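Enquirer: Sequence plus the predicted model coming up.
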Amino acid sequence: MKRILVLLTILLCLTNVKTLGQDSNSKKSTYKDRIIKVDYNKSAGQMNTMYKECIGAGRANEGLRADWQQQLALVKKECDFKYIRMHGLLTDDMAVYREDNKGNPEYNYQYVDVLFDYILSIDMKPFVELGFMPSALASGKETIFWWKGNVTPPKDYKKWEDLIRNLTQHFTERYGVEEVKTWYFEVWNEPNLTPGFWTGTQAEYFKLYDYSTRAIKSVNAAYKVGGPGTAGAAWESEMIDFCEKNKVPIDFISTHSYGVGQGFLDEFGQSGTVLSKDNEAVSGDVLQSRKEIAASTKPNLELHYTEWSSSYTPADPIHDSYHSAAYILQKLKQVGNAANSMSYWVFTDIFEEPGPRFTPFHGGFGLLNTQGIKKPAYFSYSFLNKLGETELQNTDTSSWATKNAKGNVQVLFWDFTYTLPEATNNQQYYVKDLPSKPKGTVKIEVAGLQKGNYIFEIYKVGYKENDAFTDYFGMNKPSQLTKQQVNTLKEKNNGAPIATETVTIDADGIFKKDFKMNENDVLLLNFVKQ
């Protein structure tokens, strides 16, 4: 019986391959064919992995939760992000700062230590965002988010400087100079959104940056400090000019971009957002940022996009939709080498800016939902992490082809199609079951392969393929998932190959296969040399 089941499984896999990959002699598609032709012996150099340098998380206190830590360990294992950035390191729920009855500062890093110890234990590093203001140090009472991050300037800039110096010294003593040298310190978050994230002026932000930098560099001049962490690629040239004129150190520029054409902040997810039709949304901002830096007096500064996504609201169903997988890859491909990192916002729906969420799929930013179910967006990054370290020459603009030292080859390709109807917002459109339409044929040709046998794996994301959101529709969108429903969604959307077969490469070293594509499909081909 066991043998019969194995044979049936093999037949099913081969059937899937035949359905997905058509022979080169098959009937020509009515759509224009797309050709991806690469050669194992024609390298384009080392693969640029800026896409996995950093990932976002909501706030520091959420990082003390067991489920948050479990999800981060999974994301690290399968996507291999290097750094993690989050808000709220200095807010009151982290118990960092208070003053005695005489106004003398008291510091406490017990919660911070638990969080940073864990991050380092799984071979990640903190991208340290300095914010928000401890209430005992704040000049006002204005806050943002359900968890009330204080967004006012310090009542005493010298006390702020002392706090940052003491914190930096603590990191140095606990983790060592050489470790902290590899970190990044980013001053505040989106200070151009007034009064949202900052009640002060631009000049007051620059003052905060000056005092922060002075504090950090006084501990070790080699520690990396930057900003302004703005929304919409703002204040970059002004930031560089301020540092140049005032001889204030700066090691990197940071800013943010989202793929919607209106607004910057939707704290509680109550406004409608519309995915931008602009082909250069997000990526155009990144390329412009690089141009501004190149034209400045500090042309070699690193550029870090410390937040980016299709939409800036935590109530946008595009984040849950299969459309996001292709969107992410398209934007990262367009950015090329313009940025040193592109930190996707965020890795998990354990994210409480508008308060705890009441449904398992609510348009949250995360690659994973609250229960750890992998969304289609997750697989953009897990597939990217399967690519080899050497990129192959490739003229196709929606794909990567790579190889590794073992002689294995990977081809990741996708179709991104804008399907949002006119006069419709994301919240109206992406909450539906949205079958994808045919998009023609992609002809894959890989030359220069070594003669012999390969295990050929096909991975896919698309409509009803690693598409937990559509499967959730099939369950009639329950407001609460049972344990069995969670397990069902996880098992069906686990990112395993949809087909596996053995292929034999002849002496000519060429592999050819045609693939029928639908809108917003993502496919990864993996050739494993035997």
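Expert: That came through fine.
Enquirer: Show me where the stretch 351-500 of the chain has its helices.
Expert: For the stretch 351-500 of the chain, the helices defined by DSSP state H, counting those that start in this stretch cover 376-384, 426-429, 468-474, 483-492.
Enquirer: Could you tell me the least trusted of those helices?
Expert: Here the lowest mean pLDDT among these goes to helix 426-429, at a mean of 94.
Enquirer: Does anything pack onto it? Which helices or strands?
Expert: In this structure, helix 426-429 makes packing contacts with no helix or strand, judged by 3 or more C-beta pairs under 8 Å, 6 or more residues apart in numbering; DSSP states H and E. Glycine gets a C-beta too; all of them are placed from N, C-alpha and C.
Enquirer: hmm, back to that, which of the helices of the stretch 351-500 of the chain sits most buried?
Expert: Neighbour counts (mean count of other C-beta atoms under 10 Å) averaged over each of the helices of the stretch 351-500 of the chain peak at helix 376-384, with a mean of 26.
Enquirer: Report the distance from it to the chain centre.
Expert: 10 Å (C-alpha atoms, centre = their mean, to the nearest Å).
Enquirer: what's next to that helix, contact-wise?
Expert: 49, 51-52, 75, 78-79, 81, 319-326, 328-329, 332, 344, 367-368, 374, 400, 412, 459, 461-462, 466-469, 495, 522, 524 (C-beta atoms under 8 Å, 6 or more residues apart in numbering).
Enquirer: Make a ChimeraX selection of whichever of these turn out to be buried.
Expert: Once 16 or more other C-beta atoms under 10 Å is used to decide burial, the buried members of the contacts of helix 376-384 can be selected in ChimeraX as follows:
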select :51,52,75,78,79,81,319,320,321,322,323,324,325,326,328,329,332,344,367,368,374,400,412,459,461,462,466,467,468,469,495,522,524
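Enquirer: Please narrow the contacts of helix 376-384 to those residing in strands.
Expert: With strands identified by DSSP state E, the entries of those that belong to them are 344, 400, 412, 459, 461, 522, 524.
Enquirer: Could you double-check that residue 232 sits in contact with residue 261?
Expert: No: with contacts defined as C-beta atoms under 8 Å, residue 232 does not count as touching residue 261, sitting 11.3 Å away.
Enquirer: Tell me which of the two has more neighbours.
Expert: Residue environment comparison for residue 232 versus residue 261 gives the larger neighbour count to residue 232, 16 against 12, counting by other C-beta atoms under 10 Å.
Enquirer: residues in contact with the more buried one?
Expert: Counting by C-beta under 8 Å, 6+ apart, residue 232 makes contact with 192, 255, 256, 257, 264, 285.
Enquirer: Tell me the secondary structure at it.
Expert: Look at residue 232: counting by DSSP: H, G, I helix; E, B strand; the rest coil, its state is helix.
Enquirer: Can you give me the buried ones in stretch 444-455?
Expert: Residues of stretch 444-455 classed as buried: 444, 445, 446, 448, 449, 454 (neighbour count, 16+ other C-beta under 10 Å).
Enquirer: Stretch 404-416 too?
Expert: Neighbour-count burial for stretch 404-416 [16+ other C-beta under 10 Å]: 404, 407, 408, 409, 410, 411, 412, 413, 414, 415, 416.
Enquirer: Also stretch 48-63?
Expert: Buried residues in stretch 48-63, counting neighbours by 16+ other C-beta under 10 Å, are found at 50-63.
Enquirer: any idea which of those is closest to residue 353?
Expert: Residue 353 has its nearest neighbour among these in residue 58, at 6.3 Å by C-beta to C-beta.
Enquirer: and the closest one, that's in a strand?
Expert: Yes: applying three-state DSSP, one finds residue 58 inside a strand.
Enquirer: Count residues in the vicinity of the nearest residue to it once chain neighbours are set aside, would you?
Expert: Closest residue to residue 58 in three dimensions, ignoring its sequence neighbours and counting by C-beta to C-beta, 6 or more residues apart in numbering: residue 351, at 3.8 Å. A count of neighbours around residue 351, defined by other C-beta under 10 Å, yields 23.
Enquirer: so residue 351 makes contact with residue 363?
Expert: No: assessed by C-beta under 8 Å, residue 351 is found out of contact with residue 363, at 11.2 Å.
Enquirer: surely residue 39 meets residue 448?
Expert: Yes: using C-beta under 8 Å, residue 39 makes contact with residue 448 at a distance of 4.5 Å.
Enquirer: For my notes, please list the helices of the stretch 351-500 of the chain in a markdown table and give distance to residue 312 for each entry.
Expert: Shown next, in a markdown table, are these (distance: least, C-beta to C-beta, whole Å):
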| stretch | distance to residue 312 |
| --- | --- |
| helix 376-384 | 15 |
| helix 426-429 | 11 |
| helix 468-474 | 20 |
| helix 483-492 | 27 |
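Enquirer: Residue 304 touches residue 256, doesn't it?
Expert: No: counting by C-beta under 8 Å, residue 304 sits too far from residue 256 to count as a contact (10.0 Å).
Enquirer: beta partners of the residue nearest the centre of the chain?
Expert: Among the residues of the chain, the one closest to the centroid is residue 344, at 2.2 Å (C-alpha atoms, centre = their mean). Beta-bridge partners recorded for residue 344 (DSSP bridges): residue 55, residue 308.
Enquirer: ok, it - contacts?
Expert: 55, 56, 308, 309, 328, 367, 377, 381.
Enquirer: Same question for residue 183.
Expert: By C-beta under 8 Å, 6+ apart, the residues touching residue 183 are 125, 126, 127, 128, 171, 223, 224.
Enquirer: So which of the residues you listed are in strands?
Expert: Checked against DSSP E, these include these in strands: 125, 126, 127, 128, 224.
Enquirer: How about residues contacting stretch 240-251?
Expert: Counting contacts by C-beta under 8 Å, 6+ apart, the residues outside stretch 240-251 that touch it are 184, 206, 209-210, 213, 217, 221, 224-227, 239, 253, 293, 296-298, 301-302.
Enquirer: try 6 Å
Expert: 206, 210, 213, 217, 224, 225, 226, 296, 297, 298 (C-beta atoms under 6 Å, 6 or more residues apart in numbering).
Enquirer: can I get these in CSV with secondary structure, neighbour count and pLDDT?
Expert: CSV is the format used below for the contacts of stretch 240-251 (DSSP: H, G, I helix; E, B strand; the rest coil; neighbours: other C-beta atoms under 10 Å; pLDDT from 0 to 100):
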residue, secondary structure, neighbour count, pLDDT
206, helix, 23, 98
210, helix, 19, 98
213, helix, 23, 98
217, helix, 19, 98
224, strand, 20, 98
225, strand, 24, 98
226, strand, 24, 98
296, coil, 18, 97
297, coil, 10, 96
298, coil, 16, 97
